[in-house]
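Chemist: Here you go, sequence then predicted model.
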Amino acid sequence: MPRLLLILLIIFPAATLADLEIDNAWIKNLPPTVPVRAGYMNIFNPGSKAVSIVSVTSDAFKNIELHQTIVQDGLVRMEQVQDLTIEPNSQLNLESGGIHLMMMHPTEITRPGDKIQVTIELSDGSQQSLIFTVKK
């Protein structure tokens, strides 16, 4: 039995990789002439080790970047971040005015109620797919 378990872990290493709990994943809908959308979600890491999101992709957008909003000298600007680290047993909320997904150049017109599949890649090489809802 222990040998079987070892073989299964070698064959299916994804079973040992990190999983994040994600809810309230949504995208702000904008007119078709606007080339970007913002994506938000709540991310909880139930594990005992920190987990980092290193990239985000979707067939519905040509490019997705991780961004944070910076207020400096009374000016608001957005800055790309390379990854998002969620500490063990903690939550990170992506929200307006803070950390968010900058979803660029939709491949199709988005409408409220649309469901869009997004894949996040974690620092351990694993991936998680999730569904974002387009909201007005």
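Modeler: That came in fine, so what should we check first? Fair warning: this is a prediction, and the values are worked out from it, not measured in the lab.
Chemist: tell me the helices in the protein, going along the chain?
Modeler: 2-11 (DSSP state H).
Chemist: Flag the shaky bits of it, pLDDT-wise.
Modeler: 1-17 (pLDDT under 70).
Chemist: Would you mind finding the longest strand in it?
Modeler: Ordering each strand of the chain by length in residues (DSSP state E) puts strand 61-72 first.
Chemist: contacting residues around it?
Modeler: Contacts with strand 61-72, where a contact means C-beta atoms under 8 Å, 6 or more residues apart in numbering, come from 37, 39, 53, 55-58, 76-84, 97-107, 118. (C-beta placed from N, C-alpha, C; glycine too.)
Chemist: Now which of the residues you listed would you call buried?
Modeler: The neighbour count (16 or more other C-beta atoms under 10 Å) marks 37, 39, 53, 56, 58, 84, 99-103, 106, 118 as buried among these.
Chemist: Report the two of those separated the most.
Modeler: L84 and P106 (22.2 Å; C-beta to C-beta).
Chemist: that older thread, among the buried ones among the contacts of strand 61-72, which are in strands?
Modeler: R37, G39, I53, V56, L84, I99, H100, L101, M102, M103, P106, V118.
Chemist: can you redo those residues as a markdown table with distance to D23?
Modeler: Listed next are these as a markdown table, based on distance: C-beta to C-beta, whole Å:
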| residue | distance to D23 |
| --- | --- |
| R37 | 19 |
| G39 | 14 |
| I53 | 15 |
| V56 | 16 |
| L84 | 16 |
| I99 | 16 |
| H100 | 16 |
| L101 | 15 |
| M102 | 21 |
| M103 | 18 |
| P106 | 23 |
| V118 | 14 |
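Chemist: Kindly check the end-to-end length of stretch 79-87 for me.
Modeler: 22 Å (C-alpha to C-alpha, to the nearest Å).
Chemist: so what's the closest residue to G113 other than its chain neighbours up against?
Modeler: Spatial nearest neighbour of G113, excluding adjacent residues (C-beta to C-beta, 6 or more residues apart in numbering): V134 at 6.5 Å. For V134, the contact set (C-beta under 8 Å, 6+ apart) comprises W26, I27, N29, T110, R111, P112, G113, D114, K115, I116.
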